[in-house]
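In: Test case, fold it:
(chains A and B)
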Amino acid sequence: MMKVFIKKIVVFLVPILIVWGGLEYFYITVESNYSYKHQIIRTSYDDIETLILGDSHAFFGINPEYLDIKALNLSNISQSLYFDQLLFEKHVDSLSNLQNVIITIGYYSLSQLKNTKEDVWRKYFYRSQMELDVPIIGPFDFKKYSLSMTRRFDNSVSLIHKYLEKGTIIGCDANGWGTYYENTSGELLDIESKATAERHEDFLLNFEENIIRLQSIIAYCKKINCNVYLVDMPVYKGYLELLDSNKLEKITSSCNDLATNNNNVMYIDLRQDSRLEKSDLYDPDHLNHKGAKKYTKIINAIISDPKNDD
Amino acid sequence: MIDFLVGRQLKSALRNQRKILFGISLFFNLGVLFIFKYFNFFIETFTEAFLLFGKPISYSSVQLILPVGISFYTFQTLSYTIDVYRRRIEPTDDVVSFFAFVSFFPQLVAGPIERASNLLPQFQKTRIFNYNKSIDGLRLILGGLFKKMVIADNCALIANNLFENYTEYSGSTLFCGAIFFGFQIYGDFSGYSDIAIGSARLLGFDLMKNFNFPYLSKNLIEFWRRWHISLSTWFRDYVYIPLGGNRVSNARLIFNILIVFLLSGLWHGANLTFLFWGLIHGIVLICTVFIGKNTKLRVFLKDQKSLIIDFFRVGITFFIVTIAWVFFRAETSVEAFGYIDQIFSGSFFSIPEGNKLFLILLIGYLLIEWFQEKREHLLDISYISSKPIRYLIYYGTLFLVFYYGGDLQTFIYFQF
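Out: Purely as a prediction, here's the structure:
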């Protein structure tokens, strides 16, 4: 009877294994933002003069097309400074013409811990599709061998659905800029602000680990005569008012300290920029296409002429 | 180890020695439980009581990490000593079997609280592979995963938000929040029990049933025969009956029931909220018992063989249980009373906010339970003769688990 039992279990598992294998094949063969960006940077090492790092604020908010010098946006959704540093260290020696590094600093960038909820699945994609050596993935973590097991089944299904519908799951252009936050009227910003602010509140004020990461990037950039721009991207006023003002002050002072103590660092604080219009925003803390164009041009003007940073 | 040694000594000890040995076992079991779980609660309550009378006293609390499942295995070993002391079971000389009985992995952290008379002999006999039992074990595990990942984890997301921000919502929404928590704790705990029983069954062990479709109960007495059965029967056998059970005066009966439910509340945790939860159940149960004793009112508890009357009785029981859950879920008693106050405000009859479809689906789930009520468990579908239909149900359930499984939440009963 035991043999019959085992046989039936195996037969029962066959369709499940087929689905699992299919998902695995999908993740291995279909290009994602991670594998796409990895491919771009590897094929344009000699061209890139500006490297953009950061999370979704950089991914959707800085469009390299509007920068005067050749840039690659290597940021990604929920990309923490932990991964910014890993990516920077992996590629910096190959970027022979690198002159600028732009890193966006948001409300939670400096307080964000490594291995957060967001990293639960993303870290495996950085490892598999961007060839990063990710220390937070343990040696016995079996998920590193199966990308389909890192994501929820419903997310995998919706990705496949998107692929079948659009023919791709890549959400950025050839410069790495995130393309799917299209123009909006901004009418819902007030309603969205509360939920967004609550979601972003981590009640953490310890910036030490992330400051060390930034200092490490800055020190290396200094060695290769490269400038670092810490950019606080513009956000909706109603959202800003709901955030912890002490934390915001601490972010500003930390970035100012880095800029004061390092002559290759500049802090571009656009958080409360008066030029921001509702129609520039996709949601309370992300720019849409129009806003990205406008603010990339502003950043470009500052980088091109640092003395005129108004 | 103390319980094992006490059990062995009880076998040959004389009357007075037996009492001393039994006392030693009780002292150590309840002592460990008290220090880990209740010391801070009692010391803080005493301090507050002294403060009320204007006599502030200084105290120091202990900072201990609560061992997972301490309440479960303490009660399990206690039942062993009590049964040996009462000569209901023979003490074991097999130390390996005894430790396996106390630390049997499927039910170690959250039950069911097993009795030595049921589980201990199973370690000592030869186990032979049983095909039907193994298949049933897998069905139990699948049903448990569904309850935990689809029902409990999805309900948790809604209930957590409503309980954390209860001042911002209408009475009707908060009542729905209490319902969601009711389903969360049911899915979470009964799901765990099903997985534990199913895993044990795969290994050839039979654990006691812990849940029997409790939300289909027609009154609170029935509810406690169907909810956390291993704990309620424990209290029945080791507290309620020794206190005299129901063959006592009315006043003593009220006392006995209240003691059992207050202890049951306290068993869950050192917090006033659990005591209030136990008190509500105790009071309603006392009312139910006295309705049953009254010749004129007894008719309300009798089976009327009418679906409509059954539906109303299930609804009323569910309503009471749901309101009591508010105390179980709230962090403090102030928060619980605030939540209840908000529920019964004028907005109780307004249209609730949020996901109404999910609420309808939960009611639909209860209909499936109603359909399966006479069966052993949710996925006991051995009576379906068509193999394709059975497999369709298995794969369908598996799909729901993978596709609609909510964000992972810790098992609630692990904290007890």
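In: anything in the host helix or strand of B:Tyr395 near chain A?
Out: Per DSSP states H and E: B:Tyr395 is located in helix B:387-404. Yes. Against chain A, helix B:387-404 shows contacts by Cβ under 8 Å from any Cβ of the partner chain at B:Tyr391, B:Tyr394, B:Tyr395, B:Leu398, B:Phe402, B:Tyr403, B:Tyr404. C-betas here are computed from N, CA, C, even on glycine.
In: Looking at those, which one is closest to chain A?
Out: Closest to chain A out of those is B:Phe402 (3.9 Å), distances taken as Cβ to the nearest Cβ.
In: if we can go back for a sec, output the residues of helix B:387-404 next to chain A in JSON lines; the columns should cover neighbour count, distance to B:Phe337 and pLDDT.
Out: Formatted as JSON lines, the residues of helix B:387-404 next to chain A follow (neighbours: other Cβ atoms under 10 Å in any protein chain shown; distance: Cβ to Cβ, whole Å; pLDDT from 0 to 100):
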{"residue": "B:Tyr391", "neighbour count": "13", "distance to B:Phe337": "50", "pLDDT": "94"}
{"residue": "B:Tyr394", "neighbour count": "16", "distance to B:Phe337": "45", "pLDDT": "95"}
{"residue": "B:Tyr395", "neighbour count": "13", "distance to B:Phe337": "46", "pLDDT": "95"}
{"residue": "B:Leu398", "neighbour count": "16", "distance to B:Phe337": "43", "pLDDT": "94"}
{"residue": "B:Phe402", "neighbour count": "18", "distance to B:Phe337": "40", "pLDDT": "90"}
{"residue": "B:Tyr403", "neighbour count": "13", "distance to B:Phe337": "39", "pLDDT": "90"}
{"residue": "B:Tyr404", "neighbour count": "17", "distance to B:Phe337": "34", "pLDDT": "86"}
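In: got a list of what the residue of the stretch 101-250 of chain B found nearest chain A touches?
Out: Closest contact between the stretch 101-250 of chain B and chain A, by Cβ to the nearest Cβ, is at B:Tyr131 (4.2 Å). Listed by Cβ atoms under 8 Å, 6 or more residues apart in numbering or on different chains, the contact set of B:Tyr131 reads A:Met1, A:Met2, A:Val4, A:Phe5.
In: tell me the pLDDT at it?
Out: Per-residue confidence at B:Tyr131 stands at 93 (pLDDT).
In: If you average pLDDT per helix and strand, which one of chain B comes out bottom?
Out: Sorting the helices and strands of chain B by mean pLDDT, DSSP states H and E puts helix B:39-52 at the bottom, at a mean of 73.
In: Mind checking what helix or strand follows that one in sequence?
Out: helix B:70-85.
In: other SSEs contacting that following helix?
Out: Applying 3 or more Cβ pairs under 8 Å, 6 or more residues apart in numbering or on different chains; DSSP states H and E, we find helix B:70-85 packed against helix B:2-12, helix B:15-33, helix B:95-102, helix B:116-124, helix B:229-235, helix B:250-268.
In: So which bits of the lowest-mean-pLDDT helix or strand in chain A are buried?
Out: In chain A, no helix or strand scores lower on mean pLDDT, DSSP H and E than helix A:189-200, which sits at a mean of 86. Judged by neighbour count (16 or more other Cβ atoms under 10 Å in any protein chain shown), helix A:189-200 contains these buried residues: A:Leu189, A:Glu192, A:Ser193, A:Thr196, A:Ala197, A:His200.
In: got a markdown table for the residues you listed, with distance to chain B too?
Out: Listed next are these as a markdown table, based on distance: Cβ to the nearest Cβ, whole Å:
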| residue | distance to chain B |
| --- | --- |
| A:Leu189 | 20 |
| A:Glu192 | 16 |
| A:Ser193 | 15 |
| A:Thr196 | 15 |
| A:Ala197 | 14 |
| A:His200 | 16 |
